[in-house]
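Student: Sharing a model prediction with you, sequence too.
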Amino acid sequence: MDKILRINMSAADKPEIKVDVLGDYAGLGGRGLTSAIISKEVPPLCHPLGADNKLVIAPGLLSGTAAAMSGRISVGCKSPLTGGIKEANAGGQAAQVLARLGYAAIVLEGKPENDNLYKILINKDGVQITEDNALKMTGNYDTVDRMKSEYGDKVACISIGQAGEMKLGSASIAFTNMEFRPTRHAGRGGVGAVMGSKGVKVIVIDDSGMKMRSPKDPEKFKQANKLFVQGLMKHPVTGEGLPAYGTNVLTNVVNEAGGFPTKNFKSGRFDGAPKISGEALAEMEKERGANPTHGCHRGCVIRCSGIFHDKQGNYLTKQPEYETVWSHGANCGIDDLDAIAMLDRLDDDFGVDTIEMGATIGVAMDAGLADFGDAEAAINLVKEVGKGSPLGRILGSGAGVTGRVFGVERVPVVKNQSMPAYDPRAVQGMGVTYATSTMGADHTAGYSVTANLLGVGGTVDPLSPKGQIELSRNLQIATAAIDSTGMCLFIAFAILDQEETFNAMVEMINAFTGLSMTGDDVTELGKKVLKMEREFNRQAGFTEKDDRLPEYFLKESLPPHNVTFDVSDDELDSVFNF
């Protein structure tokens, strides 16, 4: 991966294609590369949907290799939702395919003067860009089916649905999985709206004729990869819980801990949790001939993604993730897995973030647009987004906009991005991450659930403010580094508990690249990424006042523990003092 593909969509006659060397970006991948390009090349005060913003799609340092769990891809831009820097992360096949073609990143630049829609084909012979207005306002599933009829099913697709074309704040970018379905999404921050603003509907990537990337030291790489996989397989989370029940294994755990946000963050426990838990979901999938254990990309050994069939035994969607089960389930008072799966399917097809969409429906229910627990009403509200109706455009713009339009005070957002499935009062480390992350409220930015609830990497009392700053800080640094490798974030469970597994990961990087990185070097990489992102946000106008939770989390006690978020502002302002 020694080149960057730049596509200028504002060129006079037709989009202009240019291939650059990595240059100053050498040694970076994934989030490290997306944030470096955005920080250096995008004016922090530009309009997110304007010509000066850029969309960067980058596989990780180890993508396209035989390294296990290395198929994650990063999407970066200035976010239309938060107004700050954004990295959204996804699985699927694209990272492996793009890396094998030798590209460290695709950079979409400029903005077309017309309203034509384009498809892009990238293969070993080069790049082709074609107008295809027949794709206008098609969902991701139809778009991918059309690409399959043209290019076969051995390619990977990156696409947007109707929400991306409408440039809505919740719009995601879809990446196809191993079955060529658009189920893996870079969901957060409205990245799909930026792709839509560039006039690009779909990018087709074909690595036919290309070989897997080779390490500098094949034998050391092979041995390190073997030890790494062994560590993942012997850890109870990555080797047992996630493969058996998917990410939704957390529903019963977080609900029991009293941190499962219910009915727009009014309670930490949901009575219907057992009906929508990972255990219940896996049992339903087995009964219907589906599979709860499934990888989202080649090289995945944890296999937590799963497949969901409807009551007739037909494919409907991927196994709904924990965040989706929460956002469309407990957060909306819905305990029906079939309804949640339908909402997941609609979200993926229209191309919206399931977290943002579920949080938005919760706010809409608080506003009286529907009753909590009314699954049919929730489905109809999401369908409004796909139609592009005035109501749908409001909802598709996210929880923050919806709250302002309908006069709702209790809107669970930070930097205008909705909170995920952990109430910050009952899991206070997550509250620190939500408040201070460069990305807006984001659980993956510093997943303190590890120590707050699961006892992974140590134990920190989730109900106390003590120790939460250091916990969140260290996890945010580690996460920024992991996101740069192309590794799945779920490896964190094993590398936090097993020193030998962490060392095996570092040795894999060294054996592949020829470098001599240490654990301290990995930490420095994470710090470097965070510093770039913080500086971009500072220049975009963010201050310490943006690193705060909504006021009601400090005043309203959360049942059943009846706690408020109790980390002080001074402590929050110290997170990045490293």
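Tutor: Received it, and whenever you're ready, just let me know what you need.
Student: Let me know the distance separating residue 520 from residue 273.
Tutor: According to Cβ to Cβ, to the nearest Å, residue 520 and residue 273 sit 42 Å apart. To be clear about C-beta, it is placed using only N, CA and C from the backbone, and glycine gets the same treatment.
Student: Which one's more surrounded, these two?
Tutor: Taking neighbours as other Cβ atoms under 10 Å, residue 520 and residue 273 compare with residue 273 leading, 22 against 8.
Student: give the contact list for the nearest residue to that one once chain neighbours are set aside.
Tutor: Excluding the flanking residues, the one nearest residue 273 by Cβ to Cβ, 6 or more residues apart in numbering is residue 255, at 4.0 Å. By Cβ atoms under 8 Å, 6 or more residues apart in numbering, residue 255 lies in contact with 268, 269, 270, 273, 277, 330.
Student: Which residue ranges of the stretch 351-500 of the chain form helices?
Tutor: 354-366, 375-387, 390-396, 399-406, 428-436, 449-452, 468-485, 492-497, 499-513 (DSSP state H, counting those that start in this stretch).
Student: Which one of those helices lies nearest to residue 314?
Tutor: Evaluated over the helices of the stretch 351-500 of the chain, closeness to residue 314 peaks at helix 375-387, with 17.9 Å, by Cβ to Cβ.
Student: list the buried ones in the closest one?
Tutor: 375, 377, 378, 379, 381, 382, 384, 385, 386 (16 or more other Cβ atoms under 10 Å).
Student: Go through the helices of the stretch 351-500 of the chain and name the closest to residue 555.
Tutor: helix 428-436 (13.8 Å).
Student: so which strand or helix has residue 75?
Tutor: strand 73-78 (DSSP states H and E).
Student: partner strands of that strand, parallel or antiparallel?
Tutor: Strand 73-78 has the following strand partners under DSSP bridges: strand 55-59 (antiparallel), strand 85-90 (antiparallel).
Student: Centre of the chain to the longest helix seen in the chain, how far?
Tutor: Counting residues, the longest helix found in the chain (DSSP state H) is helix 519-539. Relative to its chain's centre, helix 519-539 lies at 19 Å (Cα atoms, centre = their mean, to the nearest Å).
Student: after that helix comes which helix or strand?
Tutor: Next helix or strand after helix 519-539 toward the C-terminus (DSSP H and E): helix 552-555.
Student: Which other helices and strands does the next helix or strand after that following helix contact?
Tutor: For helix 552-555, the succeeding helix or strand toward the C-terminus, using DSSP H and E, is helix 569-572. Of the remaining helices and strands, those touching helix 569-572 by 3 or more Cβ pairs under 8 Å, 6 or more residues apart in numbering; DSSP states H and E are helix 428-436, helix 468-485.
Student: would you turn the ones you listed into JSON lines with mean pLDDT, mean neighbour count and distance to residue 362?
Tutor: Shown next, in JSON lines, are those (pLDDT from 0 to 100; neighbours: other Cβ atoms under 10 Å; distance: least, Cβ to Cβ, whole Å):
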{"stretch": "helix 428-436", "mean pLDDT": "98", "mean neighbour count": "30", "distance to residue 362": "16"}
{"stretch": "helix 468-485", "mean pLDDT": "96", "mean neighbour count": "24", "distance to residue 362": "25"}
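Student: So for residue 318, which of those helices sits nearest?
Tutor: The closest of these to residue 318 is helix 468-485. By Cβ to Cβ, the value is 21.4 Å.
Student: just checking, what packs against that closest one?
Tutor: helix 30-41, helix 428-436, helix 449-452, helix 492-497, helix 519-539, helix 569-572.
Student: Deepest in the core, which of those is it.
Tutor: Of all the helices and strands packed on helix 468-485, helix 428-436 has the most neighbours on average by mean count of other Cβ atoms under 10 Å, namely a mean of 30.
Student: by how many degrees do that one and helix 468-485 diverge?
Tutor: On the basis of axes from the mean of the first three to the mean of the last three Cα atoms, to 10 degrees, helix 428-436 is oriented at 70 degrees to helix 468-485.
Student: contact partners of helix 428-436?
Tutor: 259, 414, 419, 422, 424-425, 441-443, 445-449, 451-452, 460, 462-465, 467-469, 471-472, 475-476, 547-549, 553, 565-567, 571-572, 575-576.
Student: Which members of these are classed as buried?
Tutor: Among the contacts of helix 428-436, those classed as buried by 16+ other Cβ under 10 Å are 259, 414, 419, 422, 424-425, 441-443, 445-449, 451-452, 460, 462-463, 465, 467-469, 471-472, 475-476, 547-549, 553, 565-567, 572, 575-576.
Student: okay, the helices and strands packed on helix 468-485 in a markdown table with distance to residue 221 next?
Tutor: Output for those, formatted as a markdown table (distance: least, Cβ to Cβ, whole Å):
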| stretch | distance to residue 221 |
| --- | --- |
| helix 30-41 | 19 |
| helix 428-436 | 33 |
| helix 449-452 | 28 |
| helix 492-497 | 17 |
| helix 519-539 | 17 |
| helix 569-572 | 41 |
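Student: Out of those, flag the one nearest residue 129.
Tutor: With Cβ to Cβ as the criterion, residue 129 lies closest to helix 30-41 of the helices and strands packed on helix 468-485, at 20.5 Å.
Student: shaky segments in this protein?
Tutor: Across the chain, nothing is flagged by pLDDT under 70.
Student: Nearest residue to the middle of it?
Tutor: Nearest residue to the geometric centre of the chain (Cα atoms, centre = their mean): residue 89, 4.1 Å.
Student: who's in contact with that residue?
Tutor: So residue 89 contacts 30, 31, 72, 73, 74, 75, 186, 444, 483, 489 (Cβ under 8 Å, 6+ apart).
Student: thought the first one was touching residue 56?
Tutor: No: counting by Cβ atoms under 8 Å, residue 30 sits too far from residue 56 to count as a contact (10.3 Å).
Student: which neighbours do the two share?
Tutor: Here residue 30 and residue 56 share the contacting residues residue 74, scored by Cβ under 8 Å, 6+ apart.
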